[in-house]
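Q: Sequence first, then the predicted structure:
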Amino acid sequence: MSGLFVTDEQVAHARALAREITEPIFELIGRNTTVSVERTVLRWFGVDGVGNLGAPLVNLMVDRLQAAGVLNRGAAFWYGRALRMGATSPLDAVERLTAAPLERLAPLSHEDEAKLRDEVRAEARAAVDELKARVAKREALKREFPMPPAPHKYVIVATGNIFDDLDQARAAAQAGADVIAVIRSTAQSLLDYVPQGATTEGFGGTYATQENFRIMREALDDESEKLGRYVQLTNYSSGLCMSEIAFMAAYERLDMLLNDAMYGILFRDINLRRTFIDQYFSRRICALAGIIINTGEDNYITTADAYDAAHTVIASQFINERFALRAGLKDEQLGLGHSYEIDPHRPETLLLELSQAMLVRRCFPAAPLKYMPPTKHKETDIFFSHVYDSMAHLVAMWTRQGIQLLGMMTEAMHTPLLADRYEALKAASYVHRAARGIDQEFTVKEDGLVANRARFVFGKALELLEECRADGMVAAIGRGRFGDVKRSETGGKGLDGVVEKASDYFNPFLDLMEGRA
Amino acid sequence: MSGLFVTDEQVAHARALAREITEPIFELIGRNTTVSVERTVLRWFGVDGVGNLGAPLVNLMVDRLQAAGVLNRGAAFWYGRALRMGATSPLDAVERLTAAPLERLAPLSHEDEAKLRDEVRAEARAAVDELKARVAKREALKREFPMPPAPHKYVIVATGNIFDDLDQARAAAQAGADVIAVIRSTAQSLLDYVPQGATTEGFGGTYATQENFRIMREALDDESEKLGRYVQLTNYSSGLCMSEIAFMAAYERLDMLLNDAMYGILFRDINLRRTFIDQYFSRRICALAGIIINTGEDNYITTADAYDAAHTVIASQFINERFALRAGLKDEQLGLGHSYEIDPHRPETLLLELSQAMLVRRCFPAAPLKYMPPTKHKETDIFFSHVYDSMAHLVAMWTRQGIQLLGMMTEAMHTPLLADRYEALKAASYVHRAARGIDQEFTVKEDGLVANRARFVFGKALELLEECRADGMVAAIGRGRFGDVKRSETGGKGLDGVVEKASDYFNPFLDLMEGRA
Amino acid sequence: MADKQLIRAYGDRRDDGVLQVSFTLPVALSEKAKEAAQLYCTKLGLTEVKVAAAEKAAQHYTFFVVYAKSPVVIDYAAIDTPEIVIKKRGFAELNKEIEEEIGRKVIVLGACTGTDTHTVGIDAILNMKGFAGDYGLERYPWFETYNLGSQVPNAELIRKAKEKSADAILVSQVVTQRDVHKDNSRQFIEEAKKQGVHGKMTLLLGGPRVDHKLALELGFDAGFGPGTKPSDVANFVVHQVLQRLGKEAKGTHYEGEPV
Amino acid sequence: MADKQLIRAYGDRRDDGVLQVSFTLPVALSEKAKEAAQLYCTKLGLTEVKVAAAEKAAQHYTFFVVYAKSPVVIDYAAIDTPEIVIKKRGFAELNKEIEEEIGRKVIVLGACTGTDTHTVGIDAILNMKGFAGDYGLERYPWFETYNLGSQVPNAELIRKAKEKSADAILVSQVVTQRDVHKDNSRQFIEEAKKQGVHGKMTLLLGGPRVDHKLALELGFDAGFGPGTKPSDVANFVVHQVLQRLGKEAKGTHYEGEPV
Ligand code: B12
Ligand code: B12
Ligand SMILES: Cc1ncc(COP(=O)(O)O)c(C=O)c1O
Ligand SMILES: Cc1ncc(COP(=O)(O)O)c(C=O)c1O
């Protein structure tokens, strides 16, 4: 399809830089755990439900462990301890733990401790196997009802009420959607717990809860069967409960997750350390469960100018890729994000967008890529807006995007109406059908605007990566290099949820996923 | 921009075929005149106005000459004769001629006849100079208010009422239109006279009259000045009054005319001979007046299937080109017609359309080309329809179309509303702005679908041209080779208006335009 | 009578009543113009009016895009559509029915009349090729079909139909500006009356802006709009012939018939 | 009072009253559904209703595109818009006015409050860079500007404003689903009353779905919608300060002020 723009060596250099840049972060990750990682561990053991006041049991338990200053040994250890105390069920374990004066429990003998670990490890292995079995079911469904070729048409539902969302999701699937995203209620990112049950009262989106995941996936399984075409489901694994949501999503057989190594830091002012640690565990789960992640570089150019900040998208993709590969994800799972956001009043925007999308494709040839439509410069003139989107449909096909979020003609006004989605799907289908194969038809001239712009952007991305390597990610983020947003290492929400691991920290899931057990 | 697809020799061969094909037609043209050519001659001398019953004077006079069996000497001769009888004005000339028993007038002496011809020739020369002066005014305006680069955005107004049309045309110009087409009332093609004056009662369009031309051009001159950008005007020179309208349009400083060598034959069932003769004289006038002609090959694929009949468009363009060049038109005046009409439900239509448009560009590198939007497969779903048009905007820019008719989202319903035009202009401007220069960015792969399809279509066009040469145009039209419509040489309307020229046939305008005087 | 089934417009929740409206007002873009659009929509009976876009369509024209809610409710159950009694016959079946029940070819003539030259629609019904994979009437061995093309004067079409003793005349009308199709259709019916075929032959009107109600009003036996298939027309004509022969009850409604 | 200026929607002729409407009905596509759409539009008071498109948006939903005419007429002359008394000051001029008339910097604080993180709008007003070529308030030497960013609790914003003795507080609200912006804005005003700044400081609300009327209703001093320029806001705030100082008549209307 496209030109090469840059040499393989240059691309390899960018990868090498990303590796160096992330090294110190992985040290940080290795040394620490977080409340939400530990809550995930408990959920994985089957701890579910809420206490009297509505707080999830996993929160009650982890808060208790943290208050007692013993979370650094790992919730799995304490879970085992509770079993040893005679707990007969996860719930029982929670009750026992919250009742006991943890600080003053007598240490276990070496042998007992080993036994405890063995038992808990066995239970973890069983839990992992259960998860894998659930994932296998998804894979079987995908084989039974094959998906059409990419770009997969991705639309959002965002009524705030899961039952209205169900209607809309089914309608969207019937109208041709390949991926349904249930958008989360605004600022769920900032909640340090995951709400429980089916919910009907979100704003600008519907709460991400395990029950909401379940009933939505059930509806889509049903539609997949009726339509003879597997319909994917996605949600958000970001914010303070990144890894918990990743687990719930994996368990409920979601297909994709919005999951970015830096989004929370930049756009939600979540603490940097907290985010980096959480993202790692969440990505390990995604790797295990075959979930495609969608990164959020597109967000950078809703705050920063898309033309000026084009290189930050590329640099961040290399970093996100490195974080992902290190967490065990495969190339096919990397829905690296970018978007069609250059101000349409500028000249040559289609060429510039093609350049950028081709460059991304060039750098990440095996990744599905996630392509966002224009949003920031959308007009309330829906007719214009609809045409504006059509050029993004073209670029998506031309650069073989795996996952294409469809622009909505009412983007500048409200979350999509049923009819908006219908028309977006119809338009995208037309353009995809009309242009399929276009990448095989044309060669980019190596001295043209498209190629020169790609080289320029890549060059600036390399510079930014060099800067990150030289001064560290923390410094680069501190300077507002990504998305024009500045954050410090100890600022933001959730730092108090970061806990340095004790030397005998125990997390059998991590061990299993990292191939150590 | 595009590949070559075919060799220069192959293109030259197509041209040579078109030359051979049209040769016999030019013999026919040379031997004959028509009532409408002769009416044009009279109009050019200044005969205007209508008789008591509303019939134009030129019709009264020519009908009279034809009834008397003397039209074969040329209306110019009789006009001179009337002057010799003492006529003091064109009107007076008409009255004298219609009163006199022409059949029985004594022949003039050789000397008198030569004198008459000299006088009439002098008057014709003056009339031509006047026309040229008017054209010069247009060219001056164009220099004063430069037009933006092509594709020129062309929109239609079609209220049926010239005064409503004026409002709409001004509004369209203000919204960015480069060319205003006043669509004619349905079936004006079939009228063997041109209506008179400002008209307010058309169906699906407004009558083409000289007064309508004048007041519309006046309004557009005014807008051009206000906007600092020359706005072009076009109308239809086809049907039974092809050449009369060409003259009126030239006189009223129109910039373009829909003018096709075969449209009337195929789509209006106008007699074949009549059409070929009329088109020649009309094109001579366009050549003189620097009017860009727009041919009508796009119509073929509103009746025939655009995919199957793609080659007929190419073949016809070579023929239309030949007719045009032979009539003195320059390459820059050839708005050869083609269109984006392949059924959008097929796969790869954008590639197929690009192939076709690139092939046209390849064959006619210096012609402005006139590109029609999708019409036949337009849906009443205006949102879809609008996106469908956006791909035509892209192809237009990519293949450097000179004149782009803008598709209307309500095409499948009604003649355009003011808002339809506004949105079409806005969308086209966006796509043009976004894609300008795209032709310089990509090279067509010579073994891809686009190139192979272009070669295939060109090959079939050559075959059709070969057939036309072997069997003659008349036979080819008889077989329905163009637009799936079959016509015979002596069928259709208006054959009775064809008159074989006498040996002393006199037409000083033709002489002047053919460079013989 | 069935239970009520009250429905409203659906935006993204049942009964939210959301509509999209666009229109142009002949005033220059300004804050006042936006106020005018708001007022306009309020007068239309809309609530929660959001004038989403106000665009300068031209110096003295502003184009508006509005989202609003409407309190309109309709009872879907109360909408009357005739009950289907006879299932539409397929190609082979219908030919067989003609052969057996009528015993002679059914004769139809069609044209685009008046000044209309849009033959694609009538061709789609009559020509071999048909429309959307459905064979045209020329393909039916038990139909005798004459397609007279375009710009045919009404009087001439009717004259030819009498000559051929046609069972049905098919008139296509595509240009509708200023209701020229209605004028022309009325003229056709007058002419049909004058020539004594009205009520004797089946007279059909078709075109993108034609519907059954309009055709009936104008004096035709049926009207066929966009998306009509040749087989719909073939079935209708055969049923009409059968009804004239007294072999089928008048007013029988079959599948595919215009409503 | 001026003469009446009656206007209607304009399709392609003056006063033709043509509108375009689209909506979804929660019923499957069918002839009956089209009838329902027709009826729906008739109940909306539209005439000459043409149900142009009926699309199967999903199994039980049909999307319609309609063209129709509306008899609605409005008197454009009767629409009231306040008269402009003062011309908007340019950048230099306004700074000079502050220097000379107020003699100290004008202090403003702004934030995106509640759970809203859409800072682009408030940044456009406050940051150096500004919006559409118009400088942001930070650039004005005679403004002292604090941009608190996003997700700021209302109480905190007000507290900080008191600390800084601000002249104006700027609240941005972009998410509007289920009127969350209104709820949040009401809460802001309550808090402002509680903390005693209501009526003392100038309280501004802004966002894509904000308009002046709404803001006034909610208890703010003004509301600024889409396309607002920083200079509009700067002018408004200065005029408010001048009015509080008694240096300008209350209710003076100047160019660029929201109406
Ligand atoms: C193709 C076309 C042409 C071709 C026609 C070629 C030909 N031989 O038919 C050409 C280029 C020549 C042409 C010319 C003009 N056209 Co034209 N044309 C169209 C176009 C693009 C498509 C029409 C079509 O073929 N549809 C496909 C067929 C299959 O659909 P259909 O006609 O609806 O037929 C179906 C049903 O309605 C039904 N049916 C139809 N007739 C009948 C009859 C019977 C008895 C039955 C049972 C069923 C039936 O069955 C068919 C199959 O389902 C339309 C726009 C559009 N996309 O609709 C404009 C359009 C129809 N044209 C229009 C106009 C104005 C003209 C002109 C008058 C413009 C001008 N002033 O020069 C000219 C002159 C034509 C004339 N005097 O009639 C307008 C009409 C506006 C209006 N509502 O009044 C349209 C809508 C474009 C527009 N938006 O302005 N046109
Ligand atoms: C950029 C963007 C984002 C970015 C925000 C980045 C950032 N730091 O701001 C990101 C990607 C993070 C984002 C996230 C979300 N977004 Co968002 N986003 C947008 C988008 C594309 C553009 C908004 C924008 O920047 N406009 C440009 C600015 C300059 O315009 P403006 O805000 O109107 O500001 C002007 C005026 O209104 C005025 N103004 C604004 N505020 C103020 C204040 C004062 C005092 C004054 C005087 C003037 C003033 O002046 C400005 C200049 O003229 C819009 C869609 C669109 N095109 O409008 C959706 C949109 C606003 N987002 C939406 C939603 C739902 C969300 C989410 C809640 C989705 C989710 N569930 O995850 C999240 C969460 C955000 C949250 N909790 O607030 C919806 C809101 C729907 C609704 N009406 O309720 C929109 C409309 C998209 C849609 N169609 O669904 N979003
Ligand atoms: C990676 C990522 N996570 C999360 C979100 C959603 O935002 P939140 O859940 O923080 O409101 C987005 C929004 O686009 C995103 O890109
Ligand atoms: C070359 C040409 N002439 C004339 C017309 C207009 O048709 P008429 O004036 O015959 O109704 C067209 C329509 O597209 C055309 O292409």
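A: Received the coordinates, thanks. Ligands and ions are numbered 1, 2, ... in the order given.

Q: Dihedrals phi and psi, the residue in the stretch 101-250 of chain C that chain A sits nearest to?
A: In the stretch 101-250 of chain C, the residue found nearest to chain A is residue C:227; the distance is 17.2 Å by CB to the nearest CB. All C-beta atoms are positioned from the backbone trio N, CA, C, and that covers glycine. For residue C:227, the backbone dihedrals (degrees, to the nearest 10) come out as phi 80, psi 0.

Q: ranges for the strands of the chain?
A: Going with chain A. Secondary structure of chain A, counting by DSSP state E: strands at A:32-34, A:152-157, A:179-182, A:232-236, A:256-258, A:292-294, A:334-335, A:337-339, A:370-372, A:403-405, A:442-444, A:498-500.

Q: You answered for a different chain; I wanted chain C.
A: With DSSP E as the criterion, chain C has strands spanning C:6-7, C:18-25, C:47-58, C:61-69, C:74-75, C:106-112, C:143-147, C:168-172, C:202-206, C:222-224.

Q: do you know how far residue A:149 is from residue B:353?
A: As defined by CB to CB, to the nearest Å, residue A:149 lies at a distance of 22 Å from residue B:353.

Q: How about residue 245: what's its closest non-neighbour residue?
A: By default, I'm working from chain A. Sequence neighbours aside, residue A:237 is the residue nearest to residue A:245 in space, at 4.5 Å (criterion: CB to CB, 6 or more residues apart in numbering or on different chains).

Q: oops, I was thinking of chain C
A: Leaving aside its sequence neighbours, residue C:245 is closest to residue C:102 (6.9 Å, by CB to CB, 6+ apart).

Q: So what's the gap between stretch A:166-176 and the chain middle?
A: Here stretch A:166-176 shows a centroid-to-chain-centroid distance of 23 Å under the convention CA atoms, centre = their mean, to the nearest Å.

Q: does chain B sit close to it?
A: No: counting by CB under 8 Å from any CB of the partner chain, no contacts exist between stretch A:166-176 and chain B, the nearest distance being 12.6 Å.

Q: quick revisit: reformat the strands of chain A into CSV and put mean neighbour count and mean pLDDT next to each item.
A: Written out in CSV, the entries for the strands of chain A read as follows (neighbours: other CB atoms under 10 Å in any protein chain shown; pLDDT from 0 to 100):
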stretch, mean neighbour count, mean pLDDT
strand A:32-34, 25, 98
strand A:152-157, 26, 97
strand A:179-182, 26, 98
strand A:232-236, 25, 98
strand A:256-258, 25, 98
strand A:292-294, 28, 98
strand A:334-335, 26, 98
strand A:337-339, 28, 97
strand A:370-372, 28, 98
strand A:403-405, 27, 98
strand A:442-444, 19, 95
strand A:498-500, 18, 98
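
Q: Could you dump these into JSON lines and include distance to chain B?
A: As requested, these are exported to JSON lines (distance: least, CB to the nearest CB, whole Å):
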{"stretch": "strand A:32-34", "distance to chain B": "45"}
{"stretch": "strand A:152-157", "distance to chain B": "14"}
{"stretch": "strand A:179-182", "distance to chain B": "21"}
{"stretch": "strand A:232-236", "distance to chain B": "24"}
{"stretch": "strand A:256-258", "distance to chain B": "26"}
{"stretch": "strand A:292-294", "distance to chain B": "25"}
{"stretch": "strand A:334-335", "distance to chain B": "25"}
{"stretch": "strand A:337-339", "distance to chain B": "15"}
{"stretch": "strand A:370-372", "distance to chain B": "17"}
{"stretch": "strand A:403-405", "distance to chain B": "15"}
{"stretch": "strand A:442-444", "distance to chain B": "4"}
{"stretch": "strand A:498-500", "distance to chain B": "46"}
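
Q: Tell me which of the ones you listed approaches residue A:119 most closely.
A: Set against residue A:119 and scored by CB to CB, the strands of chain A come closest in strand A:32-34, at 20.8 Å.

Q: what packs against that closest one?
A: Strand A:32-34 sits against helix A:272-289, strand A:498-500, with contacts defined as 3 or more CB pairs under 8 Å, 6 or more residues apart in numbering or on different chains; DSSP states H and E.

Q: So which of the ones you listed is nearest residue C:93?
A: The closest of the helices and strands packed on strand A:32-34 to residue C:93 is helix A:272-289. By CB to CB, the value is 55.2 Å.

Q: on that earlier part again, tell me which of the helices and strands packed on strand A:32-34 sits most buried.
A: Burial among those, expressed as mean neighbours by mean count of other CB atoms under 10 Å in any protein chain shown, is greatest for helix A:272-289, which shows a mean of 26.
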